[in-house]
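Undergrad: Sequence plus the predicted model coming up.
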Amino acid sequence: MNRIKDNDKTENLVRGWWEGSMCRDEYMRDTTDTYNEGRNMVGGVSVVTNGTLTSHIVEQGGDNRNLGRWRWITVRGKDQKKTCFIGTYRSGEGSVCEQNQLAALRGTEEGATQLLEPNKVWKKDLTELISTKKQAAGCGIVIMGDFNQDLKDLCCDMNQIVRELGLREPLLEKYGAENAPNTYLIPLATIVSFG
């Protein structure tokens with residue numbers, strides 16, 4: 001089983017790159033190997049802020065299931081307007097990370113009684129997180145991530161979330177599905193909602 005060494009954690013790699021920077025990683029931990037318990041597993045996400053943005057963070061958090069699927073921060077800007085930035089990682093179909101997430105889900109009470117699929121759970125839980133941030137906190141939402149799906153496919157999980165929650169996908173809005181750049185060649189994709 002592959003594991004990430006502490007020296008390779010994003011927060012250690014970017015330390016000192018920018019003034020006032022902060023980095024938080026979200027990843028799975030190996031709890032099956034008692035000799036290496038707590039070692040970081042493959043897959044996960046980081047949110048890095050620097051400068052003034054770091055000083056405007058009012059709340060932050062991660063994946064409540066500890067599957068390394070997202071990290072989020074909420075910042076307060078002009079006129080007390082809040083924006084929640086969510087960095088997410090949707091594991092690739094058949095990947096080591098997906099198998100690790102499946103094993104972790106099956107080890108829970110819920111997973112022992114239901115046939116849970118990691119990416120279906122990702123979609124459900126991410127939808128709930130975004131809804132909570134939009135409604136309870138009144139936040140604008142910015143989602144960035146590695147979705148392991150072609151966002152030009154209007155039926156992909158992320159585009160279904162966009163439609164369900166009334167968000168906008170700027171690349172598709174600007175270029176249309178036919179002419180949008182290949183998001184798998186661009187490490188970041190953004191879905192924005194203001195209001």
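TA: That came through fine. Numbers count the residues shown, from 1 in each chain.
Undergrad: Please identify the nearest residue in space to residue 10, excluding sequence neighbours.
TA: Setting aside the residues directly before and after it, residue 10 is nearest to residue 46 in space (Cβ to Cβ, 6 or more residues apart in numbering), at 3.8 Å. Where C-beta positions appear, they are placed from N, C-alpha and C, glycine not excepted.
Undergrad: Would you agree the one you found is in contact with residue 72?
TA: No - counting by Cβ atoms under 8 Å, residue 46 does not reach residue 72; the two are 11.7 Å apart.
Undergrad: and the two? which has more neighbours close in?
TA: residue 72 (25 against 17; other Cβ atoms under 10 Å).
Undergrad: what helix or strand is that one on?
TA: strand 70-76 (DSSP states H and E).
Undergrad: Residue 110 now?
TA: helix 109-113.
Undergrad: before we move on, what about residue 163?
TA: Secondary structure assigned from DSSP H and E places residue 163 in helix 157-165.
Undergrad: Output the contacting helices and strands for whichever helix or strand comes after that helix.
TA: Next along the chain after helix 157-165, taking DSSP H and E as the criterion, comes helix 170-179. Applying 3 or more Cβ pairs under 8 Å, 6 or more residues apart in numbering; DSSP states H and E, one finds that helix 170-179 makes contact with strand 190-193.
Undergrad: ok, residue 157 - how many residues close by?
TA: The local packing of residue 157 (other Cβ under 10 Å) involves 20 other residues.
Undergrad: if I look at it, how far off is residue 81?
TA: Counting by Cβ to Cβ, to the nearest Å, the separation of residue 157 from residue 81 is 28 Å.
Undergrad: got it, and residue 179?
TA: In this view, residue 179 and residue 81 are 32 Å apart by Cβ to Cβ.
Undergrad: Repeat that for residue 110.
TA: From residue 110 to residue 81 the distance is 36 Å (Cβ to Cβ).
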